[in-house]
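J.: Following is a predicted model, sequence given first.
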Amino acid sequence: VQLVESGGDLVQPGGSLRLSCVASGFTFSRYRMSWYRQGSGKERELVARVTSAGVSTTYADSVKGRFTISRDNTKNTVYLQMNSLKPDDTAVYYCHAQYCPTNVCFAQTYWGQGTQVTVSS
């Protein structure tokens with residue numbers, strides 16, 4: 001099983017980035033996918049989540065209206081489009097998968113290795 005994130009970079013405030021997470025080794029379409037982030041000295045927090053079929057999304061209040069999560073089940077990939085980036089968005093961003101074949105989710109989860117996003121002038 002692998003979750004491989006990419007797309008992290010150094011960007012100026014107000015800029016945009018698109019993160020990608022490619023999954024392998026499990027049935028991607030049966031997993032709810034999420035992006036978490038962890039800033040220096042901070043706890044890991046949920047940024048955005050999308051259901052297994054991509055029908056429903058959830059966002060942290062701090063990113064609503066700026067970030068968009070999406071998935072392509074034909075490519076086993078989940079994306080996080082980040083616009084109007086702020087210095088407070090600086091963190092390592094992690095991809096997370098949880099087995100949710102129906103409305104019920106199970107304890108089976110996977111994490112990626114993370115990708116660094118730095119927002120600074």
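T.: Good, I have the coordinates.

J.: Every contact and neighbour count from this point should use C-alpha atoms.
T.: Fine.

J.: For the most centrally placed residue in the chain, what is the enclosing helix or strand?
T.: Central residue of the chain (CA atoms, centre = their mean): residue 35, 2.3 Å from the mean position. Assessed by DSSP states H and E, residue 35 sits inside strand 31-38.

J.: And whichever helix or strand comes after that strand, how far out from the chain middle?
T.: For strand 31-38, the following helix or strand on the C-terminal side (DSSP H and E) is strand 45-50. Offset of strand 45-50 from its chain centre (CA atoms, centre = their mean, to the nearest Å): 6 Å.

J.: again with stretch 113-121
T.: In this view, stretch 113-121 has its centroid 13 Å away from the chain centroid, taken as CA atoms, centre = their mean.

J.: Name the residues of it that are buried.
T.: Residues of stretch 113-121 classed as buried by neighbour count (16 or more other CA atoms under 10 Å): 114-120.

J.: One more: stretch 23-35?
T.: Within stretch 23-35, the residues scored as buried using 16+ other CA under 10 Å are 23, 28-35.
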